[in-house]
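>>> Compute the structure for the input listed below.
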Amino acid sequence: MPEQTVTRPLIVKRRLVEDPWIRHDEETAPAQGPALVPLAVWQAAGRRDDLAPWLPSDTELTPALADELMAAPLVGIDFPKFTDGRGYSIARLLRERHGYRGQIRALGDVLIDQLFYMSRCGFDAFSLREDQVVEDALRALDTFSRGYQPGTDDPEPLFRRRLRELAQRRGQPALA
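From the prediction side, this is the model:
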């Protein structure tokens with residue numbers, strides 16, 4: 001991932017915000033942060049508070065690594081290209097299986113078309129590719145009113161929600 005030289009639009013929790021974090025892909029930590037650095041650099045720097053790790057899309061999220069990431073102020077996940085969906089799995093595992101509560105930020109080739117799905121997998125921050133229009137991106141987060149599959153934002157699948165709503169309308173107890 002190239003070092004950030006131009007400020008990319010950053011959406012956090014559905015709002016455009018200033019990004020204090022600079023992406024840094026050198027093999028050594030910068031003297032001062034805040035900076036998003038490769039995982040190995042963050043680990044070698046003693047997990048400093050002014051540094052946060054970014055993970056390449058081929059990262060294997062082991063339980064030991066997930067435990068280590070709990071100390072990170074945020075975790076970036078790189079999307080090297082639009083067609084690489086491995087970052088979705090990393091985010092979902094980090095949120096659901098390992099209980100990470102900090103910011104999970106999508107980095108790299110982040111396009112408007114992906115935002116709704118990324119948010120369902122646990123991303124709450126998006127560093128958009130430079131050519132993406134922020135206003136369109138904010139609208140894209142509300143593309144669909146309901147997701148069919150369970151997600152980190154709503155673990156109940158649509159068919160169960162519909163059965164529950166139908167039972168409530170009929171005055172019957174909801175199915176477990």
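>>> what about stretch 68-75, how long is it end to end?
Start-to-end span of stretch 68-75 (CA to CA, to the nearest Å) is 11 Å.
>>> same thing with stretch 35-55?
Across stretch 35-55, the terminal residues are separated by 14 Å (CA to CA).
>>> Report the contact partners of the residue nearest the centre of the chain.
The structure's the chain has its C-alpha centroid closest to Phe123; by CA atoms, centre = their mean the separation is 2.4 Å. Residues touching Phe123, when contacts are defined by CB atoms under 8 Å, 6 or more residues apart in numbering, comprise Ile77, Ala91, Ile104, Arg105, Ala106. All C-beta atoms are positioned from the backbone trio N, CA, C, and that covers glycine.
>>> can you tell me which of the residues you listed are in helices?
Ala91 (DSSP state H).
>>> from the contacts of Phe123, which two are the most distant?
Taking CB to CB as the measure, the contacts of Phe123 reach their widest spread between Ala91 and Arg105, a distance of 9.5 Å.
>>> Overlap in contacts, these two.
In contact with both Ala91 and Arg105: Ile77, Phe123, using CB under 8 Å, 6+ apart.
>>> returning to what we had before: which single one of the contacts of Phe123 is nearest to Arg48?
Of all the contacts of Phe123, Arg48 sits closest to Arg105, with 17.7 Å by CB to CB.
>>> Which pLDDT value goes with that closest one?
According to the prediction, Arg105 has pLDDT 97.
>>> before we move on, what about the one 4 residues further on?
For Asp109, the pLDDT comes out at 92.
>>> Then Asp142?
Looking at Asp142, its pLDDT stands at 76.
>>> What of Arg170?
79.
>>> Gly33 now?
For Gly33, the pLDDT comes out at 79.
>>> just checking, it touches Ala45?
No: using CB atoms under 8 Å as the test, Gly33 is too far from Ala45 to be in contact (9.5 Å).
>>> where do the contact lists of the two overlap?
Looking at what touches both Gly33 and Ala45 (by CB under 8 Å, 6+ apart), the common residues are Leu51.
>>> Okay, the nearest residue to Arg8 once chain neighbours are set aside and Asp109: tell me how far apart.
Nearest residue to Arg8 in three dimensions, chain neighbours excluded: Ser127, at 4.8 Å (CB to CB, 6 or more residues apart in numbering). To Asp109, Ser127 is 11 Å away according to CB to CB, to the nearest Å.
>>> Okay, and the beta partners of Leu51?
Ala35 (DSSP bridges).
>>> how close does it get to Ala72?
Counting by CB to CB, the gap from Leu51 to Ala72 is 8 Å.
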